[in-house]
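Chemist: have a look; sequence and predicted model below, questions after that.
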Amino acid sequence: MNEKKVDVKICVGTYSYVMGGSDLVNLESNLPEEWRKLVRVSGAISIPGCEEGKMKPPFASVNGKVITEANLEKITREIAGQLQK
Amino acid sequence: MAVNNNAKIIRREILARISSILINEQDLSSVDRIALKMRPKNGDHVRCCIYRDRAVIKYKIMAMLGFNEDSDSDELKSLTEYIEEALNGNTSSAPLLNVANEACSSCQKTNYSVTNMCQGCVGRPCMVNCPKNAITFIGKQATIDHELCVNCGLCQKLCPFHAIIYTPVPCEESCPVGAIEKGENEKELIDIDKCILCGKCLEACPFGAIVEKTDLFKVIESVKANEEIIAMVAPSIAGQFMDDMPRIMGGFKSLGFTDVKEVALGADITIKNESEEFKDKLEEGLSMTTSCCPSYINLVKMHGSELLPYVSTTLSPMEYTAIELKKTNPHAKLVFVGPCVAKKGEALQSPNIDFVINYEEFGAWLIASGIELSECTPIEADSQISKSARYFAQAGGVSTAVAEQLKSFNFDHVEYEGIDKRFLNKLRVELKNKSPRFVEVMSCDNGCIGGCSSLTNPRIATRQLKKFIN
């Protein structure tokens, strides 16, 4: 089994946070129990490529893949895809 | 309570876009392009077409400025003209909450309906027990005659197949005092003589049709004009961002405020005075309720004035803070920054407060200015302020503070958070029939930290608040 954890970053920069990112801070507690040891969730002030105006907030990234207009469902789907790899 | 949805995000985007124009452009005419930028040609739309979406954005902006659709006698009048009028103070007396008719979906009033899950059973408890004989069967399907139905809900409770559903009108359902109901054309209307400014309709409407008037643009103009202007931040702001309180305070300096002060400063005065007042009330053999939640005060004044003798006359922390600041800064404009629309109403009655902005408006201003809180120079918290004063942000904070202040007294206290349709009757029983006690009332669930304009889920906000205080 691949020991490497799926790396999830939630943008907690002011722009992203005000525009809905505050809902993502609780991501970890919304993940299925069996995923928690396989996923590492952390906050980030800025996600590469998410400069203001170019893409729509809130932002997150899963193993480096940027998710715009992020919500719990979108992030969870991407994590599932990464776990299946 | 802060649960984000697209209607809220649209509101914040509109606020940020207008603020950006005010901050960065000489000419305000770009305001008329906001709807086009938010709903560009060939882009996505939520309603029937982009043109309808754009019209809704226009009317929401008008409502934010304090104009309702009756003001729109000349449909070609530009938003630039409206914003100029608003900045000149022409909407100062406009209601704080408005319905943007164009955005209102006229949700159907029919509350109970039968779905096709109805099995046409032999027992037919819905029909047999309906007190108004509103249910009949057409073939094997129950139908409700809405002329006869009184929405008692008995049929829904009795249906063994859960085939009867209840569809609320969210704004009407959420209003604790029946201040919002349908007017002409089935659009919702707010009765300002009943409205207690709790902001529950603002949160409940999934179409974002209830719009709060904003002072934000006037405050930005004041800062741009280099006026002496001081931000007074409510204790609950400490939980609103992932950044710590000193950085949040620093954010106000970065925006251009002359100074920023914690309203917890005034909360310490409220604790002292309210405790003294409560001692007097106990001697009279009466219970006493808190006075710092303006929505609750509106509720009593407008819908239960016989309870006024039980309500503390102590001023709110916002008012005491303003009084203190005016002593040393008599010419400064004072801006309260808080979690709700009711504080805007309270400030209108105060000679000391010039403007109120909420956390969403503060957040939108930060975005428009390109300010990242984590990069702001921190301002250390005032060490003279007590922990108890900062806990005013959460439900139970005021009564805990008074209990600590009156340690030597033996008294009961009880807390109510989240005013609903039944609350006033509960309060009547509490105040008139029970032994004298201290009664804390907060209109919002979780207290101020769950205010209608907060940005963060109360659970996370509480964690942030505790981190700051301890």
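Modeler: Perfect, I can see it now. Numbers count the residues shown, from 1 in each chain, chains lettered A, B, ... in the order given.

Chemist: contacts, neighbours, all on C-alpha from now
Modeler: Will do.

Chemist: burial measure for residue B:73, as a count.
Modeler: Look at residue B:73: counted by other C-alpha atoms under 10 Å in any protein chain shown, it has 8 neighbours.

Chemist: just the element for it, please.
Modeler: In the assignment (DSSP states H and E), residue B:73 maps to no helix and no strand.

Chemist: now it: how far from chain A?
Modeler: Distance from residue B:73 to chain A, counting by C-alpha to the nearest C-alpha, to the nearest Å: 34 Å.

Chemist: what does residue B:231 show for phi and psi?
Modeler: phi -90, psi 130 (degrees, to the nearest 10).

Chemist: how close does it get to chain A?
Modeler: Applying C-alpha to the nearest C-alpha, the value for residue B:231 to chain A is 19 Å.

Chemist: ok, residue B:404 next?
Modeler: When distance is defined by C-alpha to the nearest C-alpha, residue B:404 is 33 Å away from chain A.

Chemist: which SS state does that residue fall under?
Modeler: Per DSSP: H, G, I helix; E, B strand; the rest coil, the local secondary structure of residue B:404 is helix.

Chemist: what's the weakest-modelled helix or strand in chain A?
Modeler: Ranked by mean pLDDT, DSSP states H and E, the helix or strand of chain A with the weakest confidence is helix A:27-30, at a mean of 89.

Chemist: what strands line up against the very next helix or strand once past that helix, and which way round?
Modeler: Under the assignment DSSP H and E, the closest C-terminal helix or strand after helix A:27-30 is strand A:39-44. Its sheet considered, strand A:39-44 pairs with strand A:6-11 (parallel) by DSSP bridges.

Chemist: what average pLDDT does the partner strand get?
Modeler: Strand A:6-11 carries an average pLDDT of 95.

Chemist: same thing with stretch B:248-267?
Modeler: Mean predicted confidence for stretch B:248-267 is 98.

Chemist: and the end-to-end length of it?
Modeler: One end of stretch B:248-267 sits 19 Å from the other (C-alpha to C-alpha, to the nearest Å).

Chemist: about what we covered before: could you export the least confident helix or strand of chain A as PDB, CA atoms only?
Modeler: C-alpha atoms of helix A:27-30 as PDB (Å, rounded to 0.1, in the frame of the first residue of the first chain):
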ATOM      1  CA  LEU A  27     -12.600  19.500   6.000                       C
ATOM      2  CA  GLU A  28     -10.700  17.000   8.100                       C
ATOM      3  CA  SER A  29     -13.600  16.300  10.400                       C
ATOM      4  CA  ASN A  30     -15.800  15.700   7.400                       C
END
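
Chemist: buried stuff in it?
Modeler: A:27, A:28 (16 or more other C-alpha atoms under 10 Å in any protein chain shown).

Chemist: can you give the contact residues for it?
Modeler: Helix A:27-30 is contacted by residues A:36, A:41, A:72 when judged by C-alpha atoms under 8 Å, 6 or more residues apart in numbering or on different chains.

Chemist: what's the neighbour count on whichever residue of the stretch 101-250 of chain B sits closest to chain A?
Modeler: Nearest to chain A, among the residues of the stretch 101-250 of chain B, is residue B:242, at 6.7 Å (C-alpha to the nearest C-alpha). Residue B:242: 23 surrounding residues under other C-alpha under 10 Å.

Chemist: you'd agree it is in a strand?
Modeler: No - Residue B:242: not assigned to a strand; according to three-state DSSP it is coil.

Chemist: SS state for residue B:128?
Modeler: helix.

Chemist: ok so, going back, so the residue of the stretch 101-250 of chain B closest to chain A touches residue B:465, yeah?
Modeler: No - with contact defined as C-alpha atoms under 8 Å, residue B:242 does not reach residue B:465; the gap is 10.4 Å.

Chemist: I'd say residue A:40 and residue A:31 touch.
Modeler: No - Residue A:40 sits out of contact with residue A:31 when judged by C-alpha under 8 Å, with a separation of 11.0 Å.

Chemist: please report how far residue B:375 lies from chain A.
Modeler: 10 Å.

Chemist: in chain A, which helix is the longest?
Modeler: Scanning chain A for the longest helix, with DSSP state H as the assignment, gives helix A:72-84.

Chemist: does anything pack onto that one? Which helices or strands?
Modeler: Here helix A:72-84 touches strand A:6-11, strand A:60-62, going by 3 or more C-alpha pairs under 8 Å, 6 or more residues apart in numbering or on different chains; DSSP states H and E.

Chemist: got the contact list for the longest one?
Modeler: Defining contact as C-alpha under 8 Å, 6+ apart, one finds that strand A:6-11 is touched by A:17, A:21, A:24-25, A:38-47, A:58-64, A:79, A:82-83.

Chemist: for chain B, give me the ranges with low pLDDT.
Modeler: For chain B, the stretches with pLDDT under 70 are B:1-3.

Chemist: relative to its centre, which residue of it is most distant?
Modeler: residue B:122 (48.6 Å; C-alpha atoms, centre = their mean).
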